[in-house]
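A.B. asks: prediction below, plus the sequence it came from.
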Amino acid sequence: MTQTIEFSVNGAPSVVTADPGTPLIFVLRNDLKLKGTRFGCGAGVCGCCTVLLDGRGVQSCNTPVSAAQGREVTTIEGLGKAGTHPLQQAFVEEQAGQCGYCLTGIVMGAAALLARTPSPTEAEIRSELDIHLCRCGAYDRILRAIRRATEMMSRRGA
């Protein structure tokens, strides 16, 4: 049974008709054509599909679209809508991505962390990254990029 679900995606209102149990990732990718969110494991354990739901990182593969009703979803496409987000810039500067498959989920997880903890410790960053599986092994560069973004954001008061 389908129903109409209204929510905001990257600051714009969205209305979709879907089965309420449909994973949010399928609605984002297939209905709304936002391809930046990657499908990884489909079980919520690799972090590739991380998006922000009201500013909190969630795995969109195991979050039903009904959970977005009346809420704000931010995908990688919306993270830097006012220009390049410091996280995106820092990841490029640190060459933190190799294949790039896991990268959007990692960036979105880091964005959630920095929103709630503007100056995270090394342990907090590592804890946030625990859900994210990077097969390329770029973790040292990813850690440097998140630290760099933290410094950039504190300098500009973001």
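C.D. replies: Yep, that arrived.
A.B. asks: from residue 146, how far off is residue 100?
C.D. replies: Counting by C-beta to C-beta, to the nearest Å, the separation of residue 100 from residue 146 is 16 Å. C-betas here are computed from N, CA, C, even on glycine.
A.B. asks: repeat for residue 72
C.D. replies: On the measure of C-beta to C-beta, residue 72 and residue 146 end up 23 Å apart.
A.B. asks: returning to that earlier point: looking at residue 100 and residue 146, which one has more neighbours?
C.D. replies: Between residue 100 and residue 146, residue 146 has the larger neighbour count (other C-beta atoms under 10 Å), namely 29 against 12.
A.B. asks: right, and the more buried one touches residue 112 too?
C.D. replies: No: when contacts are counted by C-beta atoms under 8 Å, residue 146 is not listed as touching residue 112 (11.7 Å).
A.B. asks: name the nearest residue to the residue nearest to the spatial centre of the chain, sequence neighbours excluded.
C.D. replies: Among the residues of the chain, the one closest to the centroid is residue 108, at 2.6 Å (C-alpha atoms, centre = their mean). The shortest distance from residue 108 to any residue that is not its chain neighbour, by C-beta to C-beta, 6 or more residues apart in numbering, is 4.4 Å, and that residue is residue 50.
A.B. asks: confirm that the residue nearest to the centre of the chain lies within a helix, as I assumed.
C.D. replies: Yes: with the criterion set as DSSP: H, G, I helix; E, B strand; the rest coil, the secondary structure at residue 108 is a helix.
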